[in-house]
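Visitor: just coords:
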């Protein structure tokens, strides 16, 4: 008769401590990213210490979240790991350079298929500015009732012509022309030509004051 064995599972890892202050939030973010980046490069603490000139003890304190490094120390670690300093402050895996294959871009298409917007940035996190390629087929249009307060749109026409209406004002843009406006107003994009129009659009959100 076969015997049944009980498998004892290891205890689950303890949840990370909840941040109690801005310093805690920063230290936990830096700690997580330092551990991730060091592991990706298969570096021991001693190896990283030799590469960046920061002591092993200091690196261990930073990686465990017990210490918030100064900018000078963080710059040394970033140089040793060959990443941007900003890579330690991101809440996702980003080391300062990211290639976005065209076929993997996030696309938004209007109901009639006339308007296509393609995100030229990682779409999975909130950010203060967004960059899009937009395509509007011949004689097509896209209408917006307006976005949130303080949001700006900065558009440049890369191919064809585009009529941009903001409230009751119309602006006809040719290839190379650009326009900047507050997008919390009703606005419309219209292609008056018989060929596709292509433009690039930057949307900027107001800086949070809280």
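Guide: Received it, and whenever you're ready, just let me know what you need. Values in this document were obtained by computation on a predicted structure and should not be read as measured data.
Visitor: drop to CA atoms for contacts and neighbour counts, all remaining ones
Guide: Will do.
Visitor: so how many other residues sit close to residue 24?
Guide: By other CA atoms under 10 Å, the residues close to residue 24 number 17.
Visitor: Actually, residue 71.
Guide: 10.
Visitor: Also residue 74?
Guide: Residue 74 sits with 21 neighbouring residues when counted by other CA under 10 Å.
Visitor: Roughly how far does the residue nearest to it when sequence neighbours are not counted sit from residue 57?
Guide: In space, and not counting its chain neighbours, residue 74 is closest to residue 85: 6.7 Å by CA to CA, 6 or more residues apart in numbering. Distance of residue 85 to residue 57, given as CA to CA, to the nearest Å: 20 Å.
Visitor: one step back: what's near enough to touch the residue nearest to residue 74?
Guide: Applying CA atoms under 8 Å, 6 or more residues apart in numbering, we find residue 85 in contact with 74-75, 78.
Visitor: Can you tell me the SS state at the residue nearest to residue 52 when sequence neighbours are not counted?
Guide: Closest residue to residue 52 apart from its sequence neighbours, by CA to CA, 6+ apart: residue 80 at 4.3 Å. Here residue 80 is helix, with the state taken from DSSP: H, G, I helix; E, B strand; the rest coil.
Visitor: so residue 80 touches residue 47, yeah?
Guide: No. Using CA atoms under 8 Å, residue 80 is not in contact with residue 47, being 9.9 Å away.
Visitor: Compare these two and say which is more crowded by neighbours.
Guide: Legend: neighbour count by other CA under 10 Å for residue 80 and residue 47, higher for residue 80 (17 against 13).
Visitor: any idea how far residue 175 lies from residue 44?
Guide: For residue 175, the distance to residue 44 - CA to CA - is 54 Å.
Visitor: which helices and strands sit right next to the lowest-mean-pLDDT helix or strand in the chain?
Guide: Every helix and strand in the chain was compared by mean pLDDT, DSSP states H and E; the lowest is helix 22-40, with a mean of 83. Packing partners of helix 22-40 (3 or more CA pairs under 8 Å, 6 or more residues apart in numbering; DSSP states H and E): helix 56-63.
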